[in-house]
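Engineer: Please find the sequence and the predicted model below.
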Amino acid sequence: MTDFDVIVVGGRIAGASTALLLARAGLRVAVVERSARGSDTVSTHGLMRAGVLQLHRWGLLGAVAATGAPPVHTTVFHYPDTAPVHVTIRPSLGVPALYAPRRRVIDGLLLDAAEDAGAVVLPETAVRSLIREEGRVAGVTLAARSGPERTLRAALTIGADGFASLVARECGAETLRRGRHASAVLYGHFAVPAEGYEWAYGTGAAAGLIPTNDGQTCVFVATTSGAMRRLRRDGPDAAFSALLRRVSPTLSERVQAGEGPSGRLHSWGGIPGWVRQPSGPGWALVGDAGFFRDPITAHGMTDALRDADLLATAVVETMSGGLPEAVAMAEYRVLRDRLSRRLFEISDRIAAYDWTFEQLRGLLRAHSAAMSDEVDHLSSLPARVPHLSGPLPAVRLPYAG
């Protein structure tokens, strides 16, 4: 017998979402998360329409709005060679606006919802290694702080443990595609009003304003890793100010006139993206563990919510006996890759920072079209993963330990 049907390694946005959907489907789920509940992580917080749509489909959008994350009804694009371009976010498909909750807010909300649905959550707990039996992953060994080593067994172990995923590494997940470029990012939280999401572009650099919780706006600057290293020789604050002035003197003046940053600036050094093999015998990957693209298009949280839904559907289909494991996981891979391929390619191209502004506008239009395709698919799905009639007994699982 297994302890659980599914162990999810990682309780951030991808892992918490996957656990929530699987627990709602009646599966026995454990979430192992190394960090403390309520802690923050590196992120610029923005959710795109597909991400907000997921929260609406799962019945959680009202809870997100209640956290005080302001509704975003407008996106503004700033270019040095034209007047600002304003785009209205029109309500549709149950999405009244966009939102950009802090990660300590959205991750915690999703993890609480997973726990309410019946998942067992183990915070401040690290996984040391995977258990293998008869050629399959059969669970995890937890890092012992004191006393005897502890193991958890499950029919399926899901790696939602980020870009340095232990699950991906120990399972030898093949890298199917690699990006060529990488953005280096500096960001902080300022008491600066924003019209909505504001994206700005200058020669070899970009910046953005993203309104979030507590009356603050996340302000970021981005450029190539090499350019950022050179600018940071005078310190991160000097690099931040220099890049923001280069991208948009107007935005720079607005930020300087406000208060902040609250706390230190946060940094991301930049890593080219990848697409990894998403599953194998007894294991699967979701979130940055399986698919990571450059953050310049602010789509990472939305990617996580999308792929959590796709993977949870495949797992439920397998464990309910509806599809063989290999078939369901192949469908997960095909859908994930179809919905993300164009987004991956465009993000990687923008992260080169060698475009003309006319080329950039074409890339952003193509990115918008790819996001529309993503929304079209997600809007066709049922409101939640189909609910099974209670937890499945282990004997019904075709690969139970």
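Structural biologist: Yes, it's here. Numbers count the residues shown, from 1 in each chain.
Engineer: Just want the most central residue of the chain.
Structural biologist: Nearest to the geometric centre of the chain sits Met301, at 2.9 Å (C-alpha atoms, centre = their mean).
Engineer: That one and Ile13 touch, don't they?
Structural biologist: Yes: with contact defined as C-beta atoms under 8 Å, Met301 reaches Ile13; the gap is 5.7 Å. For glycine as for every other residue, the C-beta is placed from the backbone atoms N, C-alpha and C.
Engineer: Report the set of residues contacting both of those two.
Structural biologist: Shared contacts of Met301 and Ile13 (C-beta atoms under 8 Å, 6 or more residues apart in numbering): Ile106.
Engineer: in the chain, which ranges drop under the pLDDT threshold?
Structural biologist: 1-2, 146-147, 384-401 (pLDDT under 70).
Engineer: By residue count, which strand of it is the longest?
Structural biologist: Identified as the longest strand of the chain according to DSSP state E is strand 150-159.
Engineer: Determine the set of other helices and strands touching it.
Structural biologist: If you count contacts as 3 or more C-beta pairs under 8 Å, 6 or more residues apart in numbering; DSSP states H and E, strand 150-159 packs onto strand 4-9, strand 29-32, strand 127-133, strand 136-142, helix 166-171, strand 283-285, helix 300-319.
Engineer: With Val192 as the reference, name the closest of those.
Structural biologist: When the helices and strands packed on strand 150-159 are compared by C-beta to C-beta, helix 300-319 sits nearest Val192, at 21.5 Å.
Engineer: C-alpha coordinates for that closest one, PDB please?
Structural biologist: This file holds the C-alpha atoms of helix 300-319, laid out as PDB (Å, rounded to 0.1, in the frame of the first residue of the first chain):
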ATOM      1  CA  GLY A 300       5.600  32.600 -15.400                       C
ATOM      2  CA  MET A 301       2.800  32.500 -12.900                       C
ATOM      3  CA  THR A 302       0.200  32.000 -15.600                       C
ATOM      4  CA  ASP A 303       2.300  29.200 -17.100                       C
ATOM      5  CA  ALA A 304       2.300  27.500 -13.700                       C
ATOM      6  CA  LEU A 305      -1.500  27.800 -13.300                       C
ATOM      7  CA  ARG A 306      -2.100  26.500 -16.800                       C
ATOM      8  CA  ASP A 307       0.200  23.500 -16.500                       C
ATOM      9  CA  ALA A 308      -1.100  22.500 -13.100                       C
ATOM     10  CA  ASP A 309      -4.500  22.100 -14.600                       C
ATOM     11  CA  LEU A 310      -3.200  20.100 -17.600                       C
ATOM     12  CA  LEU A 311      -1.200  17.800 -15.400                       C
ATOM     13  CA  ALA A 312      -4.000  17.300 -12.800                       C
ATOM     14  CA  THR A 313      -6.400  16.400 -15.500                       C
ATOM     15  CA  ALA A 314      -3.900  13.700 -16.900                       C
ATOM     16  CA  VAL A 315      -3.300  12.300 -13.400                       C
ATOM     17  CA  VAL A 316      -7.100  12.000 -12.600                       C
ATOM     18  CA  GLU A 317      -7.700  10.400 -16.000                       C
ATOM     19  CA  THR A 318      -5.000   7.800 -15.200                       C
ATOM     20  CA  MET A 319      -6.000   7.100 -11.600                       C
END
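Engineer: what comes up buried for the very next helix or strand once past that helix?
Structural biologist: Per DSSP states H and E, the first helix or strand lying C-terminal to helix 300-319 is helix 325-350. Neighbour-count burial for helix 325-350 flags 325, 328-329, 332-333, 335-336, 339-340, 342-350 (criterion: 16 or more other C-beta atoms under 10 Å).
Engineer: swap in stretch 154-165?
Structural biologist: Using 16+ other C-beta under 10 Å as the test for burial, stretch 154-165 gives 154-162, 165.
Engineer: How about stretch 189-202?
Structural biologist: Per 16+ other C-beta under 10 Å, stretch 189-202 contains these buried residues: 189-190, 192, 194, 196-202.
Engineer: ok, what's across the strand from the nearest residue to Ser267 once chain neighbours are set aside?
Structural biologist: Excluding its sequence neighbours, the residue lying closest to Ser267 (C-beta to C-beta, 6 or more residues apart in numbering) is Leu186, at 5.3 Å. Beta-bridge pairing for Leu186 (DSSP bridges): Val221, Ser267.
Engineer: still on that earlier bit, how near is the residue nearest to the centre of the chain to Leu186?
Structural biologist: 19 Å (C-beta to C-beta, to the nearest Å).
Engineer: what's next to the one helix or strand Val255 maps to, contact-wise?
Structural biologist: Following DSSP H and E, one finds Val255 within helix 249-257. Helix 249-257 has contacts (C-beta under 8 Å, 6+ apart) with 78, 190, 192-193, 198, 200, 207, 209, 219, 241, 244-245.
Engineer: Redo those as JSON lines? Include secondary structure and distance to Gly260.
Structural biologist: Shown next, in JSON lines, are the contacts of helix 249-257 (DSSP: H, G, I helix; E, B strand; the rest coil; distance: C-beta to C-beta, whole Å):
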{"residue": "His78", "secondary structure": "strand", "distance to Gly260": "20"}
{"residue": "Phe190", "secondary structure": "strand", "distance to Gly260": "3"}
{"residue": "Val192", "secondary structure": "coil", "distance to Gly260": "7"}
{"residue": "Pro193", "secondary structure": "coil", "distance to Gly260": "12"}
{"residue": "Glu198", "secondary structure": "strand", "distance to Gly260": "16"}
{"residue": "Ala200", "secondary structure": "strand", "distance to Gly260": "18"}
{"residue": "Ala207", "secondary structure": "strand", "distance to Gly260": "15"}
{"residue": "Leu209", "secondary structure": "strand", "distance to Gly260": "12"}
{"residue": "Val219", "secondary structure": "strand", "distance to Gly260": "8"}
{"residue": "Ser241", "secondary structure": "helix", "distance to Gly260": "12"}
{"residue": "Leu244", "secondary structure": "helix", "distance to Gly260": "12"}
{"residue": "Arg245", "secondary structure": "helix", "distance to Gly260": "16"}
